[in-house]
Each structure stands twice: as C-alpha cells, then as structure tokens.
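Chemist: Give me a model of this one.
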Amino acid sequence: MMNLPVFLLQSGSTIQARAELPVFKVILIVGGIFVVITFAYIISKLISNYHNSPAYLEKKKNRPTSQKDLAELSAKCSLAKEEKEVFAQICRTHKTPNIKYIVNDYYTLRDILKEQFKLFDQSGDENGKKNLFAMQKKLFKVFRQEDLVKNSKNISLNTVFTFTVAKGFHHKLQLNENTSEAMILKIPPTLKQDDLPKPLEKVNFIFELADGTPYNLETRIVRYQLGKEGDNQMVIVHSDKIAPLQKREQERAELNLPCKFHSVKVSVEGSGKSEKIRYIPSEKSYEGVLEDISTGGCRLIATLPIKAEQHIYINGPFNAKQNDVAVGTIVRTTKRSDGIFILHIKFIKIDVKVTNRIQAMVCKYDE
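Modeler: Purely as a prediction, here's the structure:
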C-alpha cells in the first residue's frame, strides 16, 4: 500500500493572518476611545447638571466673598484705591456672602451701603462717606439694577411724574392708583385749571425708577375727577410708549425751599503753587427758592435777571434739614413765561461734609 503525503489544511495564509491582526487592534482602539468619550460626556453632563442645580447655586451664592471676587469687581467697575478699600471694608464688616451675586440685587446692595453709611456717620468719617458714594455710583452704573419698564402697568405706586406745561414750569404728579384699566395721578395745587390738558389730549410725562433711570411716557388724558379726600385727580390711559432717557451724571432731589444768595467777588492771592482763590460774598443778600439740588449743582428760582457766567454764593437747606453754603457759577439763566428766572448753577466750591449730606438725602440714607 502506498503511503500518500498528508497535507494540513489552513484557513488562511500567514500573510492574511498578519493583515487581520492590525484591523482587530484598530477596532479595539476605536472602541476604547468611544467608551472613554462616552464616559467623559456622562461625567461632564453630571457635573454640569450639578452646577446648574438649585442646591449648588444656593451654595455658591452663600459662600463668603473672596479677595478674588473683590479684585474682579473692582477692576470691572474701575474703582480707585480708596474705593476698593471701602468695598473690602463693607464685605468684612457686614460679612457679606458672595458679593458677585449681591451687586446684581439693587435693594440688597442698597441696604448694605446704607448700613455702612450709618457707621461712617457715627464715627464722623467724611472721607469714608465720600468714597462710599463714589464707589456706589460706579457699581450702579455697571450693574443695571432694574429691568426696563415696557408698559405703564408695571410702574410702582407713589412714582412721581413730571409734567411740563410751559418753558420753565415743571409740575409733579404722584401716582396714587395703577389699575388694569388706567392710572390715577394726584394733581398738585401748582398746576392750575387753565394749564391742564384737555380730555383725550396726548401728553408726555417724565418719571424715574428707584435706581434713578429716567423714562419718557407718552399717553392720553381720559378725564379729571375728585378723589376720596377731595384732591384733584387726572386719569390717564395705559401705554407701552415708554422710552428710557439718558441718566443724569449726578442724581438730583426736589427741594422747593427758600434760600438766600449773594453776588461774589473773586480775589486771587499769591502766585504759582501758592496761589489761592478766594470767593468773597457781598453783604447784601437776595431771596430765592432752591428748586432742586445735586452734589454737582442746583436750580435756583429768582426774580432777578442774573446773567450766566457769574459767581453766586448760596445759603440754604441743601439737605432739606440744615442750612449749608456753597459757591457756584451760573451756567445759564432761563426766563419763565411768568417773568420768573431759573438759575442753573454748577458748584465750584463746596465742603465735602455738605456734598455728603446732599448725597445722603438723595439716596435716602439719612432717613
């Protein structure tokens, strides 16, 4: 019997086996990468959900304010060195939680600043007050404190509307009621019958939010009526024609209080670095009315036709409580239709104690 050679059958050649090995590795690598990416995505999603959870946000909101927080906000608001120090002092004294959240809450921030003002007032720290008000102005400028008003239905009660009937005449009407149908304004005694717009007539008012943002409101008169207490009232329709106006550089407060003013003689003493300018008020005084005031100037009602670019010395209740003095320059003079003059005055010499008292009144920190 012949012995036949035996041949082993192979499923593939060695070359083919070697070729299949890298493919298998690639599949393993790709699969591994997919698993890693999927795992990383799940982890990042869990972290993201946690960071957006109410519990985490509350924890972050209530954590103590850090030096890094103060540095970031100070840079963002361009605070000066003294203002940064006051900012840090406020956070330390009042143990404020995360200040980055508080600066976006107008009323909470305002309450903290008011408390710090009272501490400065008790210790007689006028520079501290000055820096606090300077810092406050910058914070409020950077962080918008209230949402823009888009419909008159959202205007708060007791908001004051300014109505101008003629050149130089500004009347203040208070919002007594704001219903779903209309707004009811209290007419001041200064607004006479002959100056009232007719029913259905289109009118414009200026009003301000609590943070000082001014708005122009265009609406129409519905009717006039007597209130429950016998006061004259104006009923106006709701409107969405509300436009924000440019905010004043310095916040003002209405006064309408009597004052006295004097002409001023300017005297220059010395020269160079030792030069001093003295403002000497005349002995003769004149009666006037402080219509409104800010730390930068005031409006004064007078019967005298005083020209612009003259110096003036004013003695009056700048903060509506006690008399103070200041020297100013008359920027312009406006003559009203009744022959009375309004002097628009810019202060050029005023004590820091006085500006602090004015600012405290404007911010209602002295209440």
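
Chemist: from here on, contacts and neighbour counts on C-alpha atoms
Modeler: Will do.

Chemist: Pull the residues that contact stretch 312-321.
Modeler: The contact list for stretch 312-321, computed with C-alpha atoms under 8 Å, 6 or more residues apart in numbering, reads 255, 257-264, 281, 290, 293, 322-330, 354, 357-358, 361.

Chemist: repeat that with 7 Å
Modeler: Contacts to stretch 312-321, defined as C-alpha atoms under 7 Å, 6 or more residues apart in numbering, come from residues 255, 259-264, 281, 323-329, 357-358, 361.

Chemist: Secondary structure element holding Lys114?
Modeler: Assigned by DSSP states H and E, Lys114 belongs to helix 106-123.

Chemist: What residues of that helix count as buried?
Modeler: Using 16 or more other C-alpha atoms under 10 Å as the burial criterion, the residues of helix 106-123 that qualify are Tyr106, Leu109, Arg110, Leu113, Lys114, Gln116, Phe117, Phe120.

Chemist: so after that helix, what's the next helix or strand?
Modeler: From helix 106-123, the next helix or strand downstream (DSSP H and E) is helix 126-142.

Chemist: Quick check on the contacts of stretch 312-321: which are buried?
Modeler: 255, 259-264, 281, 324-329, 357-358, 361.

Chemist: Identify those among those that sit within helices.
Modeler: The members of the buried ones among the contacts of stretch 312-321 that map onto helices under DSSP state H are Arg357, Ile358, Met361.

Chemist: separation between the first one and Lys118?
Modeler: When C-alpha to C-alpha, to the nearest Å is the yardstick, Arg357 and Lys118 sit 12 Å from each other.

Chemist: go on, the last one?
Modeler: Summarising the geometry, the distance separating Met361 from Lys118, computed by C-alpha to C-alpha, is 13 Å.

Chemist: Which neighbouring elements make contact with the helix holding Lys114?
Modeler: Where contact means 3 or more C-alpha pairs under 7 Å, 6 or more residues apart in numbering; DSSP states H and E, helix 106-123 is packed against helix 126-142.

Chemist: Contacts for the helix it packs on, please.
Modeler: With C-alpha under 7 Å, 6+ apart, helix 126-142 has contacts from Cys77, Leu79, Glu82, Glu83, Val86, Phe117, Phe120, Lys353, Asn356.

Chemist: Now do it, average pLDDT.
Modeler: In this model, helix 126-142 has a mean pLDDT of 94.

Chemist: and Gln89, that one's in a helix?
Modeler: Yes. Under DSSP: H, G, I helix; E, B strand; the rest coil, Gln89 falls within a helix.

Chemist: just checking, Ile277 touches Val268?
Modeler: Yes. Counting by C-alpha atoms under 7 Å, Ile277 touches Val268, with 4.6 Å between them.

Chemist: now the helices: where do they sit in the stretch 1-150 of the chain?
Modeler: For the stretch 1-150 of the chain, the helices defined by DSSP state H, counting those that start in this stretch cover 14-51, 54-62, 67-76, 81-93, 99-102, 106-123, 126-142.

Chemist: from those, which stretch is densest packed?
Modeler: Among these, helix 126-142 has the highest mean neighbour count (mean count of other C-alpha atoms under 10 Å), at a mean of 19.

Chemist: Next, the angle helix 106-123 makes with that helix.
Modeler: If you take axes from the mean of the first three to the mean of the last three C-alpha atoms, to 10 degrees, helix 126-142 sits at 170 degrees to helix 106-123.

Chemist: Give the next helix or strand downstream of helix 126-142.
Modeler: Helix 126-142 is succeeded, C-terminally, by strand 160-166 (DSSP H and E).

Chemist: How far away from the center of its chain is stretch 294-305?
Modeler: 25 Å (C-alpha atoms, centre = their mean, to the nearest Å).

Chemist: gap between the two ends of that stretch?
Modeler: With C-alpha to C-alpha applied, stretch 294-305 spans 23 Å between its terminal residues.

Chemist: got it, and stretch 219-237?
Modeler: Its first and final residues considered, stretch 219-237 spans 6 Å by C-alpha to C-alpha.

Chemist: So for it, what gets flagged as buried?
Modeler: Those would be Thr219, Arg220, Ile221, Val222, Arg223, Tyr224, Gln233, Met234, Val235, Ile236, Val237, for stretch 219-237 by 16+ other C-alpha under 10 Å.

Chemist: Dump those residues to JSON lines, plus distance to Tyr365.
Modeler: Output for the buried residues of stretch 219-237, formatted as JSON lines (distance: C-alpha to C-alpha, whole Å):
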{"residue": "Thr219", "distance to Tyr365": "34"}
{"residue": "Arg220", "distance to Tyr365": "36"}
{"residue": "Ile221", "distance to Tyr365": "36"}
{"residue": "Val222", "distance to Tyr365": "38"}
{"residue": "Arg223", "distance to Tyr365": "38"}
{"residue": "Tyr224", "distance to Tyr365": "36"}
{"residue": "Gln233", "distance to Tyr365": "31"}
{"residue": "Met234", "distance to Tyr365": "32"}
{"residue": "Val235", "distance to Tyr365": "33"}
{"residue": "Ile236", "distance to Tyr365": "33"}
{"residue": "Val237", "distance to Tyr365": "35"}
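
Chemist: Alright, that wraps it up for me.
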